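1. mind looking at a prediction? Sequence and model below.
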Amino acid sequence: MSSRNSASLAQRAEKLTVIEGLSPGPELSIIIPTFNERDNVVPMIERLRTALRGIAWEVIFVDDDSADRTLDVVRDLSTQDRRIRSIRRVNRRGLAGACVEGILSSSAPIVAVMDADLQHDETQLAGMLEIIRQGESDLVVATRYGEEQSSDGALTAIRQAGSRVAIRAAQRLLNVKTTDPMSGFFMARRSVVEQAAPKLSNQGFKILLDLIASSPSPLRIAEIPYIFRPRMHGESKMDASVVMDYLGLLISKWSGDLISARMVLFGLVGSSGVVLHLAVLRLLLLQGATFSVAQLGAMLVAMVSNYTLNNALTYRDRRRRGWRFVSGLVLFSLLCSVGIFAGVGVSSLFYGNRSRWWVAGLAGAIIGSAWNYITNSMITWRHAR
């Protein structure tokens, strides 16, 4: 659409607003992903109302079908305040995906992302908005690592150390120019997200890092320090899966999206299966089992472990439960068995052509792994609930 047509549409919309006595749309949309954050909704709204006086704003709660019925509270509030909106995501999980859906559903030219746990300082929103209004920045990051080192009071020593290692890795591997690429509190022009949206991952928690790394053009980034508060209600979502997701995202973006984050996780789980396979094989041999029996037992244990970990981590947004877990295990085993035969065939072909043994073995492993990943993504976890 040409700029002339866009201007014409904007003028007509403005005239319609004046004629019908409608108020203009929001300048700022705040996107808040939620999962079991019922007790934090009312305090969050109260704080936003105080912090954003004089600003045309809306808040969009994007909920991953919380068991504590978080959206019931949001909907009750929305009947009294039209600035409050909600999106319910069914059979979908993940903070990154929730943020992207919320941003793309908004009409405000500027969007902010923050957590529902009240650890982010909402009083910084007005200052972040003013920075973008000035036109010199596309993205404003609320950093926990400003001059005051303001995250120290709300993070354990282990989480502080882990966060700093993750930040250095992002800065060096992806050349990210911000002191806190792990921040979940930032503001950007919606057009920036629109341009990067096709490359953004729906998995994981680090939407900011993904946004910076996926942007088709360099972003003008500003920072504003804030004090990271302790959580008031609910439980932290930080666990081992978050670390795995982050590693997957780093490798994916470092490879220029040639390798997906899900593929990285699948590979990491497969690597753990190899270690487990060898450990079980050795243990059974020490117990006096024949090699054939020990090998079969080790393969079965590794296969069950790989399936369980992939279901919990790699495909947790499509996680199979109940009887579907059992049927998924059968599908996974059958598909991986085909992958084993394919890998052996390719290895034999390479070895027969006088290739080095390790080249033949590597070729077979690559073919087998690719088969397992592609077929299980398309079949085993295609529409799991």
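-> Received, thanks. What you see is a predicted model, and the numbers here were worked out from it, not measured in a lab.

2. I227 and H120 touch, don't they?
-> No: checked against C-beta atoms under 8 Å, the pair I227 and H120 is beyond contact range at 9.8 Å. Yep, even glycine has a C-beta here, placed from its N, CA and C like the rest.

3. neighbour count winner among these two?
-> The residue with more neighbours, out of I227 and H120, is H120; 26 against 17, by other C-beta atoms under 10 Å.

4. residue contacts, S305?
-> Residues in contact with S305, defined by C-beta atoms under 8 Å, 6 or more residues apart in numbering, are 272-273, 276.

5. neighbours around K177, how many?
-> Summarising burial for K177: neighbours were counted as other C-beta under 10 Å, giving 14.

6. which residues does it contact?
-> Remark: with contacts taken as C-beta under 8 Å, 6+ apart, K177 is in contact with 171, 221.

7. please redo it, this time with the cut-off set to 7 Å
-> Under the criterion of C-beta atoms under 7 Å, 6 or more residues apart in numbering, the neighbours of K177 are I221.

8. and what of the one 4 residues further on?
-> Under the criterion of C-beta under 7 Å, 6+ apart, the contact list for P181 reads 167, 170, 208-209, 212.

9. cutoff 8 Å now
-> 141, 167, 170-171, 174, 206, 208-209, 212.

10. now it: which helix or strand?
-> Following DSSP states H and E, one finds P181 outside all helices and strands.

11. mind checking how far it is from S29?
-> Look at P181 and S29: by C-beta to C-beta, to the nearest Å, they are 22 Å apart.

12. state the mean pLDDT of the helix or strand harbouring L296.
-> In the assignment (DSSP H and E), L296 maps to helix 291-309. Per-residue confidence for helix 291-309 averages out to 84 on the pLDDT scale.

13. which residues touch the helix or strand hosting V74?
-> V74 belongs to helix 70-78 when assigned by DSSP H and E. Residues from elsewhere that reach helix 70-78 (C-beta under 8 Å, 6+ apart): 34-38, 41-42, 45, 61, 63, 84-86, 88.

14. how about the helices in this structure?
-> 3-20, 38-51, 70-78, 95-105, 125-133, 157-174, 190-196, 207-214, 240-254, 261-286, 291-309, 323-352, 357-375 (DSSP state H).

15. got a ChimeraX select line for the buried ones in the contacts of helix 70-78?
-> The ChimeraX selection below is limited to those of the contacts of helix 70-78 classed as buried (16 or more other C-beta atoms under 10 Å):
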select :34,35,36,37,38,41,45,61,63,84,85,86
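
16. closest to S377 out of the contacts of helix 70-78?
-> Distance to S377 across the contacts of helix 70-78 (C-beta to C-beta) is lowest for F35, with 24.1 Å.

17. run through the protein and note the low-pLDDT ranges.
-> Regions of the chain meeting the criterion pLDDT under 70 cover residues 1-23, 146-163, 203-205, 231-244, 342-348, 350-365, 383-385.

18. make it 80
-> Scanning the chain with the threshold set as pLDDT under 80 gives 1-24, 91-94, 146-176, 201-206, 229-261, 291-296, 299, 316-317, 339-369, 383-385.

19. residue farthest from the centroid of it?
-> Computed with C-alpha atoms, centre = their mean, the maximum C-alpha offset from the centroid of the chain is found at G288, amounting to 46.4 Å.

20. dump the contacts of P181 into CSV; add distance to R321 as well.
-> Shown next, in CSV, are these (distance: C-beta to C-beta, whole Å):
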residue, distance to R321
V141, 37
I167, 35
A170, 34
Q171, 39
L174, 35
K206, 26
L208, 31
L209, 30
I212, 35
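
21. that older thread, and the helices of the chain: which comes nearest A222?
-> Nearest to A222 among the helices of the chain is helix 125-133 (5.1 Å), distances taken as C-beta to C-beta.

22. pull out the buried positions in that closest one.
-> 125, 128-129, 131-132.

23. just stretch 106-118 next, same as before
-> The neighbour-count check on stretch 106-118 (16+ other C-beta under 10 Å) flags 106, 108, 110-118 as buried.

24. as CSV, those residues with distance to T380 would be great.
-> What follows is the buried residues of stretch 106-118, written out as CSV (distance: C-beta to C-beta, whole Å):
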residue, distance to T380
S106, 35
A108, 40
I110, 41
V111, 36
A112, 38
V113, 32
M114, 36
D115, 32
A116, 33
D117, 34
L118, 39
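
25. from those residues, which is closest to S260?
-> V113 (22.6 Å).

26. the closest one bridge partners, please.
-> Here V113 sits in beta bridges with I31, F186, as judged by DSSP bridges.

27. OK, contacts around it?
-> For V113, the contacting residues are 30-33, 99, 102-103, 184-187, 207-208, by C-beta under 8 Å, 6+ apart.

28. that one and L104: what is the separation?
-> In this structure, V113 lies at 12 Å from L104, with C-beta to C-beta as the measure.

29. what does N310 give?
-> Here N310 is placed at a distance of 29 Å from L104 (C-beta to C-beta).

30. what of A213?
-> Separation of A213 from L104 (C-beta to C-beta): 19 Å.
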